[in-house]
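> One predicted model, sequence on top.
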Amino acid sequence: MSRTTDLLATMAAVRPDRLDPPTDPGRLERVRARAMSEPEPDRAPARVLGRRVRYGGAIVAAAALVAGLIVMARPSGPDTGPPSARRALLVAATTLQEADTATGRYWTADLSSVTTATYLGGTAAGPPPGTAKPLYRYTSTCDARLWAARSGRDPSWLVVDAVTDRRLSGADERAWRRAGAPRPDSCEIHGMSVGLRSAPPAALALRRSMRTTSQDEPTYPTAASVPITPDQIAALPTDPTALKATLDGFWLNATTPSAKPKAGRTVPLDVTFQQITDLLVGAPAPPAVQAALYRVLARLPIDRSRGTVTDRLGRHGVAFWTATGAMETRLIIDLRTGHPLAVESRLAGELDGYTLIRRQGWTDTGPTLPAHRL
């Protein structure tokens, strides 16, 4: 099979037989033409970013960040394997941009996040010291809905529907009971740690641009922990080169001390990967901007799964990731629609946490809010 072989035929070879191919031949031609006409991406050096730890009330939610990136060698012989990460992402970008043109008053997303957490006891005086011994470990699941208003005249909301926890072992279960069987007092939803002053279901009004360090009032949305307003997201360029430069500027302006010049500083590739996943999963990015995010991602030295993978809901997609050592973060995309399905974090090969995107879309109907407020 030569490298000029029909891209969609190559993709079809690695898809499960039960998935029907698209039925619009003209659309397939447009996808092929756009995907194959993209310029070759520049390769960038690998960088490493360590693991972050968040504190929410009395728990420490372990949030694995993307670390260094592996440059995959391009085959010099016949292209007999599955499509490259770059080509698959370009197809997803074109599919999403052509199929999804809806707009509305609110951008909504139904999300479920699962994190592995450690309970360290009371933390009234602040985060515990690094020498504190964990009392028990557990997994915490938070189901929530985002309602991001397009206009600044409308409030944005995070509605927490449910929070549950499960101890990891019999010893953890016994330690949990000795500690008084405390219930979860925070919700970790794709990087946002929300303190629970009320039992779910409960709603939290999201600030559009105010920077805050309070776990009870997280700034939303963010890109790689840097606040970014919905107005800034709507204005993001759709040219991949310009979009990458804009994302770089957000991070450099937020992380460079004012006394030090930004000239010569570069953004680690793992930061760019996190910016892209944050904007794809939990931010009101228009379809054209989402497609441009895929095209930026296609220029990074990333890897992809050989064929389809299955997320925790049993949905089939293709996984893309960057990895270093024992840490790995995967973005799973449905190439039929271009929409993201999940983001998974793995530690030493074991699934450490994940966010499931159950639904995304625009609507003119406002949220029905529960009586309790966070």
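Right, received. Where do you want to start? What you see is a predicted model, and the numbers here were worked out from it, not measured in a lab.
> Run a quick neighbour tally on the nearest residue to Asp334 once chain neighbours are set aside.
Closest residue to Asp334 apart from its sequence neighbours, by Cβ to Cβ, 6 or more residues apart in numbering: Gly317 at 4.7 Å. In this view, the C-beta of every residue, glycine as well, is placed from N, C-alpha and C. Using other Cβ atoms under 10 Å, Gly317 has 22 neighbouring residues.
> could you say what helices and strands the strand or helix carrying Gly353 packs with?
Under the criterion of DSSP states H and E, Gly353 resides in strand 350-363. Here strand 350-363 touches strand 59-63, strand 106-119, strand 340-347, going by 3 or more Cβ pairs under 8 Å, 6 or more residues apart in numbering; DSSP states H and E.
> can you list those in a markdown table and add mean neighbour count, mean pLDDT and distance to Leu280?
Listed next are these as a markdown table, based on neighbours: other Cβ atoms under 10 Å; pLDDT from 0 to 100; distance: least, Cβ to Cβ, whole Å:
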| stretch | mean neighbour count | mean pLDDT | distance to Leu280 |
| --- | --- | --- | --- |
| strand 59-63 | 22 | 31 | 17 |
| strand 106-119 | 22 | 89 | 10 |
| strand 340-347 | 23 | 89 | 5 |
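> Output those strands as TSV; include the columns distance to Arg174.
Putting the helices and strands packed on strand 350-363 into TSV (distance: least, Cβ to Cβ, whole Å) gives the following:
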stretch	distance to Arg174
strand 59-63	18
strand 106-119	13
strand 340-347	24
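> Distance of Gly317 relative to Asp161?
24 Å (Cβ to Cβ, to the nearest Å).
> swap that for Leu356, please
13 Å.
> for Trp147, same thing?
The gap separating Trp147 from Asp161 is 13 Å, by Cβ to Cβ.
> These two: which is more packed in?
Trp147 (23 against 15).
> Sketch out the low-pLDDT regions of the stretch 201-350 of the chain for me.
208-220, 258-263, 323-326 (pLDDT under 70).
> mind listing the strands for it?
202-206, 222-223, 226-227, 303-304, 309-310, 316-324, 327-333, 340-347, 350-363 (DSSP state E, counting those that start in this stretch).
> What pairs with the fifth one, parallel or antiparallel?
Listed by DSSP bridges, the sheet partners of strand 309-310 and their directions read strand 316-324 (antiparallel).
> Contacts for the strand holding Gly353 next, please.
If you take Cβ atoms under 8 Å, 6 or more residues apart in numbering as the criterion, strand 350-363 is touched by 62-64, 102-116, 189-190, 281, 311-313, 339-346.
> switch to 6 Å and redo it
Applying Cβ atoms under 6 Å, 6 or more residues apart in numbering, the external contacts of strand 350-363 come out as 64, 102-104, 106-116, 190, 281, 313, 340-346.
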